[in-house]
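Participant: how does the following fold in three dimensions:
(2 chains)
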Amino acid sequence: MKMAVFWGCRILTSQYAYEMSVRQVFPKLGVELVDLREATCCGGPVKSINAFAADYLAARALALANLTGLTDLLVPCNRCHFTISEAKHRMEINERLRLRIGELLKEDGLEYDPNINIWHVIDLLHDAVGLEKIKETVKKPFKGLELASHTGCQIIRYSDLGRVDDAENPRKLDELINVLGAETVDYSEKLDCCGAVLTYSHQDAALSLAGSKIKALQGLNVDALVVCCPACQMMFDSEQKDAETAVGAKLDLPVLYYTQLLGLALDIEAEKLGLHLNQSLVDKLLTKLPA
Amino acid sequence: MSLIDLMSMAKPEKESMRKVLAKLGRSEFIDCFQCLKCTSGCTALKLLELKPHEIMKLVRLGFVNELAASEIIWTCATCLKCVQRCPQKGSPYHVIMALRNLAVEREAKVPEAYLKAVSQILENGLSQTIQKITTRKMETFDRTSLKLPKISAPKESFQTVFLKALEEKQE
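Facilitator: Numbers count the residues shown, from 1 in each chain, chains lettered A, B, ... in the order given. Now for the predicted structure:
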């Protein structure tokens, strides 16, 4: 299986561990990734400023995928995945919008292709690669680990767009964790948002949201929180220290990407998965892994 | 001051309401019957007092100018629960985004980070600047030392076209 990959901004500019671990794990599962050339922002932050310009950027990502000659596009960031999926949907139902964006893309030497399939890490692994294949490929299954999953908001809502999992009861990330031999907990804060978008306007509130969720999870004594979005990882991992002040509690919960966790089970070195870049105390988790 | 206080001296105005409707391309918010499902599940309710059902009602009554000038529309966390859960297939999220776009057109106060993101995209295509990461062990890494491929910047024609898209009249 060969597909194009659109990283978005946050992964390329700061969340390097996601990029590293995605690049490591997929070839081991028979998925070859092809980078887009000259990729730009998906349009996510531009939605608030000008919806048309945001749709143009999203369509541009699909047009770049078209240039590769491939029909599948992996979008590992939840926000990019939503932005591109929504723009695609809007262009499907609004011919005038599609034609106008098509004209603009032409000026940039590009052509919009409505037939590109958009994938996220979660549905690509769960639905296309499949749990069986993952199970067969795992070299070092986990034992006795209890983990919490955070799928995030924008890859599960809103359902009209066709999302990667159920909007109110996402299970795929849990199943992907379970197949590696770890247990997962159900917790009442599971659907709570990480707050990343609020960093644009209300930093303190954003940190409070992230901090409250970590605090709740610490109360459940889980070994780590597993995420699949660079914005969620930024809030729960990179900003965890800052979130301490916002919620007035000591926070020391290991947080990592699912692709990092999967990589460990596939016996890939921690450093190759970017685990040295996580700001939370992932060492606590690493010492609990089988030798 | 609450949102409702802001409206006590205000006069509804249909023209601005029409503008928001045109931006939405979906007029379902007209059918809102104030069940409060959106507000009861709103991520920004507890900390920032965002009440999506109030916004729906106020737009419907024509208090669009007040909303477009209010900071409240910038408190949405984009969790999309309101879109998902509305029994009337309405969407406070989309109404809020339309109000934000209107605020930008009117040159109202917009959080700096959004404007910065746009100018950053114009500059090199990405909405964020490339960062060096300092690890838990105080070592510093960047894309090169992590052996990650170089980012290829878009051609100049991108800037011209993106500017055009930003100037496009939104109906």
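Participant: residue contacts, residue 160?
Facilitator: Because you didn't say which chain, this covers chain A. Each residue near A:D160 by C-beta atoms under 8 Å, 6 or more residues apart in numbering or on different chains is listed here: A:H89. Just so you know, the C-beta spots here come from the backbone N, C-alpha and C atoms, and that holds for glycine as well.
Participant: not quite, go with chain B.
Facilitator: Per C-beta under 8 Å, 6+ apart, neighbours of B:T160: A:E107.
Participant: go on, A:C42?
Facilitator: A:6, A:8-9, A:57-58, A:61, A:75, A:77, A:79-80, A:83-84.
Participant: in helices only, show me the residues you listed.
Facilitator: Counting by DSSP state H, those place A:9, A:57-58, A:61, A:79-80, A:83-84 in helices.
Participant: give me the pLDDT for the residue lying closest to A:K241 once chain neighbours are set aside.
Facilitator: Leaving aside its sequence neighbours, A:K241 sits nearest to A:Q279 (C-beta to C-beta, 6 or more residues apart in numbering or on different chains; 6.9 Å). According to the prediction, A:Q279 has pLDDT 98.
Participant: need the contact list for A:Q279.
Facilitator: Contacts of A:Q279 (C-beta under 8 Å, 6+ apart): A:237-238, A:240-241, B:135-136.
Participant: please apply the same query to A:K284.
Facilitator: A:223, A:252, A:254.
Participant: number of residues surrounding A:Q218?
Facilitator: Applying other C-beta atoms under 10 Å in any protein chain shown, we find 15 residues neighbouring A:Q218.
Participant: which residues touch stretch A:173-188?
Facilitator: Contact with stretch A:173-188 is made by A:122, A:125-126, A:131, A:134-135, A:138, A:141-143, A:145-151, A:165, A:216-217, A:220, A:222, A:226, A:228, A:258, A:261-262, A:265, as judged by C-beta under 8 Å, 6+ apart.
Participant: among the residues you listed, which are in helices?
Facilitator: Those of the contacts of stretch A:173-188 mapping onto helices are A:122, A:131, A:134-135, A:216-217, A:258, A:261-262, A:265, per DSSP H.
Participant: just the buried members of the residues you listed?
Facilitator: A:122, A:134, A:217, A:258, A:261-262, A:265 (16 or more other C-beta atoms under 10 Å in any protein chain shown).
Participant: farthest pair within those residues?
Facilitator: Spanning the widest gap among these are A:I134 and A:L217, at 24.6 Å by C-beta to C-beta.
Participant: show me where chain B has helices.
Facilitator: Secondary structure of chain B, counting by DSSP H: helices at B:3-7, B:14-24, B:37-40, B:45-48, B:52-61, B:64-69, B:81-85, B:92-105, B:112-124, B:156-167.
Participant: to A:L207, which of the ones you listed lies closest?
Facilitator: helix B:45-48 (10.2 Å).
Participant: tell me the spacing between A:E239 and A:A206.
Facilitator: Using C-beta to C-beta, to the nearest Å, A:E239 is found at 8 Å from A:A206.
Participant: higher neighbour count, the two?
Facilitator: Using other C-beta under 10 Å as the criterion, A:E239 and A:A206 rank with A:A206 on top: 26 against 23.
Participant: list the contacts for that one?
Facilitator: Counting by C-beta under 8 Å, 6+ apart, A:A206 has contacts A:195-199, A:235, B:77.
Participant: point to the residue nearest the middle of the chain.
Facilitator: Since no chain was named, I'll use chain A. A:C229 (2.7 Å; C-alpha atoms, centre = their mean).
Participant: that's the wrong chain, I meant chain B
Facilitator: Short answer for chain B (C-alpha atoms, centre = their mean): B:M97, at 4.2 Å.
Participant: B:N124 - how many residues pack around it?
Facilitator: B:N124: 17 neighbours (other C-beta under 10 Å).
Participant: I'd say it and B:E156 touch.
Facilitator: No - counting by C-beta atoms under 8 Å, B:N124 stays clear of B:E156, with 11.3 Å between them.
Participant: show the contacting residues for B:V83.
Facilitator: Each residue near B:V83 by C-beta under 8 Å, 6+ apart is listed here: A:157-158, B:91-94.
Participant: need phi/psi at A:K143.
Facilitator: Phi and psi for A:K143, reported as degrees, to the nearest 10, are phi -130, psi 130.
Participant: so stretch B:116-133, near chain A or not?
Facilitator: Yes - residues of stretch B:116-133 contacting chain A under C-beta under 8 Å from any C-beta of the partner chain: B:117-118, B:121, B:125-131, B:133.
Participant: contacting residues around residue 158?
Facilitator: Since you didn't name a chain, this refers to chain A. A:167, B:80, B:83-84, B:91.
Participant: that's the wrong chain, I meant chain B
Facilitator: By C-beta under 8 Å, 6+ apart, B:F158 lies in contact with A:38, A:40, A:108, B:125.
Participant: ok so, going back, wait, a strand at the residue nearest to A:K241?
Facilitator: No - residue state for A:Q279 (DSSP: H, G, I helix; E, B strand; the rest coil) corresponds to coil; a strand is not indicated.
Participant: ok, so what distance separates A:D237 from A:F142?
Facilitator: 20 Å.
Participant: if we can go back for a sec, out of the residues of stretch B:116-133 next to chain A, which end up buried?
Facilitator: B:117-118, B:121, B:125-128, B:133.
Participant: element containing A:E168?
Facilitator: Counting by DSSP states H and E, no helix or strand carries A:E168.
Participant: surely it touches A:K190?
Facilitator: No - contact criterion C-beta under 8 Å: A:E168 and A:K190 do not qualify, at 10.0 Å.
Participant: quick one: which of those two has more around it?
Facilitator: Between A:E168 and A:K190, counted using other C-beta under 10 Å, the more crowded position is A:K190 (19 against 13).
Participant: how about the residue sitting furthest away from the middle of chain B, phi and psi?
Facilitator: Relative to the C-alpha centroid of chain B, counting by C-alpha atoms, centre = their mean, B:K137 is the outermost residue, at 37.6 Å. Backbone geometry at B:K137, expressed as degrees, to the nearest 10, gives phi -100, psi 20.
Participant: tally of neighbours for residue 16?
Facilitator: Since no chain was named, I'll use chain A. When neighbours are counted by other C-beta under 10 Å, A:Y16 registers 21.
Participant: meant chain B, my bad for not saying
Facilitator: B:S16, neighbours per other C-beta under 10 Å, totals 20.
Participant: pretty sure it is touching B:L61, no?
Facilitator: No - using C-beta under 8 Å, B:S16 is not in contact with B:L61, being 11.5 Å away.
Participant: report the secondary structure state of A:A128.
Facilitator: With three-state DSSP as the basis, A:A128 sits in helix.
Participant: list the contacts for residue 117?
Facilitator: As the question left the chain open, I've gone with chain A. A:71-73 are the contacts of A:N117 under C-beta under 8 Å, 6+ apart.
Participant: hm, I was asking about chain B
Facilitator: Counting by C-beta under 8 Å, 6+ apart, B:A117 makes contact with A:41, A:45-46, A:200, B:127-128.
Participant: show me where pLDDT drops low in chain B?
Facilitator: Low-confidence segments of chain B (pLDDT under 70): B:1-7, B:26-30, B:170-171.
Participant: domains in it, by residue range?
Facilitator: When chain B is parsed with automatic domain parsing, its domains come out as B:11-105, B:112-166.
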